[in-house]
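**Student:** Requesting a structural model of the entry that follows:
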Amino acid sequence: MAKNYLLIYSELLATDIELLCQNIKAPSNTLFQNRKSSSSVYANIREANYGQSKADMLSKFEIALKECSETEGWLQLLFNTNGVDEETYKNYRNLCGRIRRMLIASCKTLKENIK
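**Tutor:** Numbering: from 1, shown residues only. A predicted model of the protein is given here:
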């Protein structure tokens, strides 16, 4: 069976963000929102794999895409306020970018298949 890299990367993101938030000093709201959005990326991608229809899968992927963008925003805020160093920020930003590109491609394919 082929590996589901979208699911693998989103699980990695959610896990790593959770561990990061456990080990840094930052405003609790920022940490909470970062945890929430990154875990939502993973949860929605996971749900999409068992979508009731292609339209349901598309909806879940689109939600994951929004949450991925939100995660990037919270990471930017953590970096801007010295909650994380530049290398850490860039690593997570790149992972978000990889997930975002995969989600955009998946959404495009699903939209074409629904037509």
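
**Student:** From here on, just use CA atoms for contacts and neighbour counts.
**Tutor:** Noted.

**Student:** Ser10 contacts Val41, correct?
**Tutor:** Yes: the pair Ser10 and Val41 qualifies as a contact (Cα atoms under 8 Å) at a distance of 6.3 Å.

**Student:** neighbour-wise, which of these two wins?
**Tutor:** Higher neighbour count among Ser10 and Val41: Val41, with 31 against 27, using other Cα atoms under 10 Å.

**Student:** For that one, which residues are in contact?
**Tutor:** Ser10, Ala14, Ile63, Ala64, Leu65, Glu67, Cys68 (Cα atoms under 8 Å, 6 or more residues apart in numbering).

**Student:** Just the buried ones from these?
**Tutor:** The neighbour count (16 or more other Cα atoms under 10 Å) marks Ser10, Ala14, Ile63, Ala64, Leu65, Glu67, Cys68 as buried among the contacts of Val41.

**Student:** check contacts around the fourth one.
**Tutor:** With contacts defined as Cα under 8 Å, 6+ apart, the neighbours of Ala64 are Ser40, Val41, Tyr42, Asn44, Ile45, Leu103.

**Student:** again, but for the third one
**Tutor:** With contact set as Cα under 8 Å, 6+ apart, Ile63 has these partners: Val41, Asn44.

**Student:** Relative to Ala55, how far out is it?
**Tutor:** 12 Å (Cα to Cα, to the nearest Å).
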